[in-house]
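Colleague: My questions concern the predicted model and sequence given below.
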Amino acid sequence: MRRLTLLITAVAFAAISCAGSPSAETLGADLYNVSCARCHGGNLEGGIGPAVDANSNTALALTDEQIANVILVGPGAMPAFGQLSDDQIQSLVDYLRRRHADG
Ligand code: HEC
């Protein structure tokens with residue numbers, strides 16, 4: 001009986017851990033890795049495009065609205081990402097604000 005209780009507890013815990021949509025945090029990181037990393041670097045350190053991590057001039061100089069606008073419009077050589085939803089854009093902005101290139 002004790003084994004059964006343990007098993008049920010373990011299964012319930014696993015179900016809770018996996019339930020629900022990915023958190024906003026993972027969403028921002030995933031979107032960045034898929035759409036942005038090839039130009040702005042795996043650590044947001046820059047490459048084809050400028051560094052966009054939390055310590056960069058970009059992050060320090062631009063408001064959240066301006067960063068969102070950059071993503072939607074795509075300045076210069078950067079492509080526009082107009083297909084992203086408001087939530088997706090916001091999670092990207094949060095990710096840029098949170099992430100530091102040096103770790
Ligand atoms: C094809 C390469 C490329 C991709 C993909 C790309 N960018 Fe860029 N990005 C650039 C370039 C180049 C610039 C500089 C544009 C300019 O000002 O002329 C830039 C600029 C920026 C800036 C700063 C603009 C400023 O005024 O300082 C931000 C923020 C940014 N990108 C975020 C993103 C995000 C978020 C994504 C993914 C959704 C992304 N970029 C995808 C190339 C890219």
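Modeller: Received the coordinates, thanks.
Colleague: so where is the protein shaky, pLDDT-wise?
Modeller: For the chain, residues meeting the criterion pLDDT under 70 lie at 1-22, 103.
Colleague: residues in it within reach of the ligand, list them.
Modeller: Residues of the chain lying close to the ligand (CB under 6 Å from any ligand atom) are 35-36, 38-40, 48-50, 52, 58, 67, 70-71, 75-79, 81, 92. Heads up, the C-betas are built off the backbone N, CA and C, glycines and all.
Colleague: Output the residue of this protein whose distance to the ligand is smallest.
Modeller: Proximity of the chain to the ligand (CB to the nearest ligand atom) peaks at residue 76, 2.4 Å away.
Colleague: Please work out how many residues are found near that residue.
Modeller: Close neighbours of residue 76, defined as other CB atoms under 10 Å, add up to 6.
Colleague: Ok, residue 98 next?
Modeller: Neighbours around residue 98, by other CB under 10 Å: 13.
Colleague: contacting residues around the residue lying closest to it once chain neighbours are set aside?
Modeller: Nearest non-adjacent residue to residue 98, counting by CB to CB, 6 or more residues apart in numbering: residue 54, 6.4 Å away. Neighbour list for residue 54: 96-100 [criterion: CB atoms under 8 Å, 6 or more residues apart in numbering].
Colleague: State the distance from residue 54 to residue 96.
Modeller: Computed as CB to CB, to the nearest Å, the residue 54 to residue 96 distance reads 7 Å.
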